[in-house]
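*Asks:* Quick one, fold the following:
(one chain, ligands or ions: 2)
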Amino acid sequence: MSGGRIPVTLITGAAGEIGQALLQRLAGGPGDPIVTVDLRPLSTAGPGDRHREHCQGDILDSALWDGLLHRYRPTLIFHLAAILSTRAESVPVLAHRVNADGAARLLAMAAEFASPDEPIRFVFPSSIAVYGLPSQEAKDAAAAVSEDEHLDPATLYGAQKLYVERLGATIARLNDGLDFRAVRLPGLISADTLPQGGTSDWAPELIHAAARREPYSCFVSQGARLPFCAMPDAVEGVLRLAFCEKASLSRTAYNLGGHSLSAAEIIARVARDFPDLDVRFQLDRGRDRIVASWPGAVDDTAARRDFGFAPEHDEETLFSRYLIPGIRRRYQG
Ligand code: NAD
Ligand code: SER
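*Replies:* Numbering: from 1, shown residues only. Ligands and ions are numbered 1, 2, ... in the order given. Presented below is the predicted three-dimensional model:
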């Protein structure tokens, strides 16, 4: 079946925020060569020794896969390519094609090539967007949400993530060689990159704006609350899930937790280091409503127990040891 094809780790969406962090984390280490796919070129940061080829193209393009799968045999797939939540609502047809159809096609290809002798592990970053709390009052009253509660997404993006989680689990049940694992990520904050098109973007945007000494228009209300995780902790969690023994897993989709922070709390914390911080509130009701439907905190007991998710940063060191020094270095040298 392999026909001389080279075994590789495949990363789609590799030019994105998580993709860049994941690639940097993987590229210097041991393992199969890495092949990446994205609409965009990779950043100039230098992808490292293991990186073999970047294919700039669309995951919806069959010719791209024909070319790649003719030469390579993916043994591990990180399928990151997606259109994030806010943008997905404004381009619903395209978002469905990329987030649902694109993932479904890649899963079908993986299932076709996977066998017990040549298994394929498929890792999918899902999101807190799969949850839908019916009102702000319900959100305020809810405890940290566990994986089987409130699965009633309020956005197309959330519905697409939940669909892929379930499709992946079902296809894997029907195909011995396919091992599907999903992780529901909270909002992520990176010291090195900025997000685009997401709904949790206000937190990283305002922290980076503070370091650049620029005013920031915050599009959610002061009380808007989400769980946030440092990018390196999230990437570490994804990798622990990807490389743990299957026998230790008790489910296919896991929450990764984060620090439950409101916009006002983030502003107060950032102002300790950047006292000139200038944030005005210019509410985008659509985005604020999306945040109101997502949980303020998630329960990640299963991830800690089953694959040892253990974030390095607590709420204070997220800022004092990771974000503030990293962002200062980036903008102030
Ligand atoms: P990102 O927007 O930075 O990266 C996504 C990448 O996918 C981009 O580089 C984009 O060019 C690429 N892409 C989009 N459509 C494509 C297509 N048709 N073909 C090829 N490439 C395409 O997002 P990210 O934050 O790096 O997120 C990566 C994954 O993690 C996504 O699936 C996202 O839904 C998920 N996720 C992210 C967060 C977060 O806070 N960043 C939280 C939960 C889940
Ligand atoms: N952080 C992501 C977004 O806002 C959630 O998946 O879209």
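
*Asks:* Only C-alpha atoms from now on, for both contacts and neighbour counts.
*Replies:* OK.

*Asks:* Is any residue of the longest helix seen in the chain near ligand 1?
*Replies:* Longest helix in the chain by number of residues, with DSSP state H as the criterion: helix 156-174. No - judged by Cα under 6 Å from any ligand atom, helix 156-174 stays clear of ligand 1, getting no closer than 7.6 Å.

*Asks:* The residue most central in space within the chain and ligand 1: what is the separation?
*Replies:* Closest residue to the average C-alpha location of the chain: Pro125 at 4.8 Å, with Cα atoms, centre = their mean. Look at Pro125 and ligand 1: by Cα to the nearest ligand atom, to the nearest Å, they are 5 Å apart.

*Asks:* Parallel or antiparallel, which strands does the helix or strand where that residue lies pair with?
*Replies:* Taking DSSP states H and E as the criterion, Pro125 maps to strand 120-127. The pairing partners recorded for strand 120-127 under DSSP bridges are strand 72-79 (parallel), strand 178-185 (parallel).

*Asks:* Adding mean neighbour count and distance to Glu165, write those strands out as a markdown table.
*Replies:* A markdown table is the format used below for those (neighbours: other Cα atoms under 10 Å; distance: least, Cα to Cα, whole Å):
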| stretch | mean neighbour count | distance to Glu165 |
| --- | --- | --- |
| strand 72-79 | 23 | 12 |
| strand 178-185 | 25 | 6 |
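
*Asks:* Tell me which of those strands lies nearest to Gly102.
*Replies:* strand 72-79 (9.7 Å; Cα to Cα).

*Asks:* List the contacts of the helix or strand just after that closest one.
*Replies:* Next along the chain after strand 72-79, taking DSSP H and E as the criterion, comes helix 85-90. Outside helix 85-90, the residues within contact range by Cα atoms under 8 Å, 6 or more residues apart in numbering are Leu94, Ala95, Ala129, Thr155, Leu156, Tyr157, Gly158, Gly197, Gly198, Thr199, Arg287.

*Asks:* pretty sure the third one belongs to a strand, no?
*Replies:* No - when classified by DSSP: H, G, I helix; E, B strand; the rest coil, Ala129 is found to be helix rather than part of a strand.

*Asks:* right, and it touches Gln160 too?
*Replies:* No - using Cα atoms under 8 Å, Ala129 is not in contact with Gln160, being 9.4 Å away.

*Asks:* Out of the strands paired with strand 120-127, which gets nearest to ligand 1?
*Replies:* Of all the strands paired with strand 120-127, it is strand 178-185 that lies closest to ligand 1, at 4.2 Å by Cα to the nearest ligand atom.

*Asks:* counting contacts, what elements does the helix or strand following the closest one pack onto?
*Replies:* Going down the chain from strand 178-185, the next helix or strand is strand 187-189, by DSSP H and E. Packing contacts for strand 187-189, counted by 3 or more Cα pairs under 8 Å, 6 or more residues apart in numbering; DSSP states H and E, involve helix 202-212, strand 225-230, helix 231-243.

*Asks:* Just put those in CSV and tack on mean neighbour count, mean pLDDT and distance to ligand 1.
*Replies:* Output for the helices and strands packed on strand 187-189, formatted as CSV (neighbours: other Cα atoms under 10 Å; pLDDT from 0 to 100; distance: least, Cα to the nearest ligand atom, whole Å):
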stretch, mean neighbour count, mean pLDDT, distance to ligand 1
helix 202-212, 21, 96, 10
strand 225-230, 25, 98, 8
helix 231-243, 21, 98, 8
